[in-house]
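K.L.:
this one's structure only:
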């Protein structure tokens, strides 16, 4: 039996009720009263309106405890949908999710590359249209589009502090241009933060309401969920563990500092080291690639991972060295936040996660400051490759349906079982 989140802040009674139903899977009106602290009359009114709006369904009855069996409620998962897009230099990923955050359609396409932003936006609009039409979803039931990318977004809807490969996107008014192109409301966010929101919304972390995702795509970052809400910091830069200094005399990073996690442990660093070693380059096939453009970094990193899995010691050594650096940065984050759960995610960890996970877990078991008090669990996301896009869609769902505020605390162990019950809105 699942438990409800221990801390879930909401802006309205409607959003609180809707989110409790989402988290519980199935629950009765009495259970909602206990979980939210709202009166029975308020619960009845809110639930009736949610049913009228098609967002909630009555589904079976709870097991009788002597009186009349309670009617169970659950989300009408096909009542609303959201589009999520992960925009990166090396690839663009798309998902369409239902109301519970489960993926109903997905696709991956070529990255933004060096194309001009307006050209890429026009392509995104066409591909989003194809995604929606491909599964026959009524466009009127699509709440909006979430787009995430490396680095924070400005309030005006553009990118700032982008990695060099996407520097030409700086200050491009992405939100407004994309909204006009796709004909849907658009929300922007950081890809690492989106990954954390996606894990939380779709049930990838169970009942946990405070945890971190460690994200590795082309770069490295972290997403933070604290008491059920994403923590972004003053300017959207919270969780930038890719720019923790691990070597004060290390190589210069694109951010302007030296020895950052990203520049010593990121995929580009692994690929550069592989190409610099003749034996490893031959074992991975990178000696045939020569000095490839940036767009090849993802495929070259995948080649190193494949070689390591075949038993090539040099390739494995490079990945384990990267993993140790990432583990130290993760330990720093865990010490600051006193975490008990870390989720590894992102396109690069989707292929290399089984190599990185034991290294990160061992470092936390050995050196996490509060290890005598509690252990940190490290797990690999079930949807690591698509997690930014899934999170982008979840941002839309959360903003439209369950806007959050601080304050409300929900008790545990209020999920009721019965015919047709679900553990919770499930992830793909």
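P.N.:
Thanks, I have the structure now. Small disclaimer: the values here were computed from a predicted structure and weren't measured.
K.L.:
next SSE after the helix or strand where residue 82 lies?
P.N.:
Element membership for residue 82, per DSSP states H and E: strand 81-87. Reading on from strand 81-87 to the C-terminus, the next helix or strand found by DSSP H and E is strand 91-98.
K.L.:
what angle separates the very next helix or strand once past that next one from strand 91-98?
P.N.:
Going down the chain from strand 91-98, the next helix or strand is strand 103-110, by DSSP H and E. With axes from the mean of the first three to the mean of the last three Cα atoms, to 10 degrees defining the directions, strand 103-110 sits at 170 degrees from strand 91-98.
K.L.:
Sheet partners, orientation included, of strand 103-110?
P.N.:
Looking at strand 103-110 with DSSP bridges, its partner strands are strand 91-98 (antiparallel).
K.L.:
which residue packs closest to residue 86, ignoring adjacent ones?
P.N.:
In this structure, residue 86 finds its nearest non-sequential neighbour in residue 388, 3.8 Å apart by Cβ to Cβ, 6 or more residues apart in numbering. Every residue, glycine included, has its C-beta placed from N, CA and C.
K.L.:
Quick one: mean pLDDT over the strand holding residue 82.
P.N.:
Taken as a whole, strand 81-87 has a mean pLDDT of 95.
K.L.:
buried ones in it?
P.N.:
Buried residues in strand 81-87, counted by 16 or more other Cβ atoms under 10 Å: 81, 82, 83, 84, 85, 86, 87.
K.L.:
Report the two of the residues you listed separated the most.
P.N.:
Farthest-apart pair in the buried residues of strand 81-87 is 81 and 87; separation 19.7 Å (Cβ to Cβ).
K.L.:
Pull out the buried positions in the longest helix along the chain.
P.N.:
In the chain, with assignment by DSSP state H, the single longest helix is helix 313-337. For helix 313-337, a neighbour-count test (16+ other Cβ under 10 Å) marks 314-316, 318-319, 321-331, 333-334, 337 as buried.
K.L.:
After that helix, which helix or strand is next?
P.N.:
As assigned by DSSP H and E, the chain's next helix or strand after helix 313-337 is strand 341-345.
K.L.:
quick check: angle from that next one to helix 313-337?
P.N.:
140 degrees.
K.L.:
how about the helices in the stretch 251-400 of the chain?
P.N.:
261-265, 267-276, 278-284, 297-309, 313-337, 347-367, 387-401 (DSSP state H, counting those that start in this stretch).
K.L.:
mind checking the SS state of residue 113?
P.N.:
The assignment at residue 113 comes out as coil when based on DSSP: H, G, I helix; E, B strand; the rest coil.
K.L.:
swap that for residue 143, please
P.N.:
strand.
K.L.:
helix or strand for the most centrally placed residue in the chain, which one?
P.N.:
Central residue of the chain (Cα atoms, centre = their mean): residue 195, 1.2 Å from the mean position. Assessed by DSSP H and E, residue 195 sits inside helix 191-201.
K.L.:
helices or strands up against that helix?
P.N.:
Judged by 3 or more Cβ pairs under 8 Å, 6 or more residues apart in numbering; DSSP states H and E, the packing partners of helix 191-201 are strand 81-87, strand 142-149, strand 211-216, strand 220-226, strand 229-230, strand 341-345, helix 387-401.
K.L.:
is it true that residue 120 touches residue 112?
P.N.:
Yes: using Cβ atoms under 8 Å, residue 120 is in contact with residue 112, at 4.8 Å.
K.L.:
Between the two, which contacts overlap?
P.N.:
87, 92 (Cβ atoms under 8 Å, 6 or more residues apart in numbering).
K.L.:
between the two, who's got more neighbours?
P.N.:
Set side by side, residue 120 and residue 112 show more neighbours around residue 112, with 24 against 20, by other Cβ atoms under 10 Å.
K.L.:
Tell me the spacing between the closest residue to residue 271 other than its chain neighbours and residue 287.
P.N.:
Spatial nearest neighbour of residue 271, excluding adjacent residues (Cβ to Cβ, 6+ apart): residue 300 at 4.3 Å. Separation of residue 300 from residue 287 (Cβ to Cβ, to the nearest Å): 11 Å.
K.L.:
anything in contact with each of these two?
P.N.:
residue 275.
K.L.:
Look at these two and report which has more neighbours.
P.N.:
Between residue 300 and residue 287, counted using other Cβ under 10 Å, residue 300 has the larger neighbour count: 21 against 15.
K.L.:
From residue 284, how far off is the more buried one?
P.N.:
For residue 300, the distance to residue 284 equals 8 Å [Cβ to Cβ].
K.L.:
so what sits against both of these two?
P.N.:
With Cβ under 8 Å, 6+ apart, residue 300 and residue 284 have common neighbours residue 274.
K.L.:
distance between stretch 342-358 and the chain's centre?
P.N.:
Put simply, stretch 342-358 sits 13 Å off its chain's centre (Cα atoms, centre = their mean, to the nearest Å).
K.L.:
Likewise for stretch 99-112?
P.N.:
The answer for stretch 99-112 is 12 Å, by Cα atoms, centre = their mean.
K.L.:
Quick one: end-to-end distance for that stretch.
P.N.:
Stretch 99-112 has an end-to-end distance of 29 Å (criterion: Cα to Cα, to the nearest Å).
K.L.:
for stretch 283-302, same thing?
P.N.:
One end of stretch 283-302 sits 13 Å from the other (Cα to Cα).
K.L.:
and that stretch, average pLDDT?
P.N.:
For stretch 283-302, mean pLDDT rounds to 74.
K.L.:
Could you list the low-pLDDT ranges of the stretch 251-400 of the chain?
P.N.:
When residues are selected by pLDDT under 70, those of the stretch 251-400 of the chain lie in 289-295.
K.L.:
please redo it, this time with the cut-off set to 50
P.N.:
Within the stretch 251-400 of the chain, the stretches with pLDDT under 50 are 290-295.
K.L.:
Compare the helices and strands packed on helix 191-201 and report which one is nearest to residue 39.
P.N.:
helix 387-401 (22.0 Å).
K.L.:
can you pull the buried residues of the closest one?
P.N.:
In terms of neighbour count (16+ other Cβ under 10 Å), helix 387-401 has its buried residues at 387-399, 401.
K.L.:
now stretch 103-116
P.N.:
Neighbour counts over stretch 103-116 (16+ other Cβ under 10 Å) mark 103, 105, 106, 107, 111, 112, 113 as buried.
K.L.:
Kindly report the same for stretch 300-309.
P.N.:
300, 301, 302, 303, 304, 305, 307, 308.
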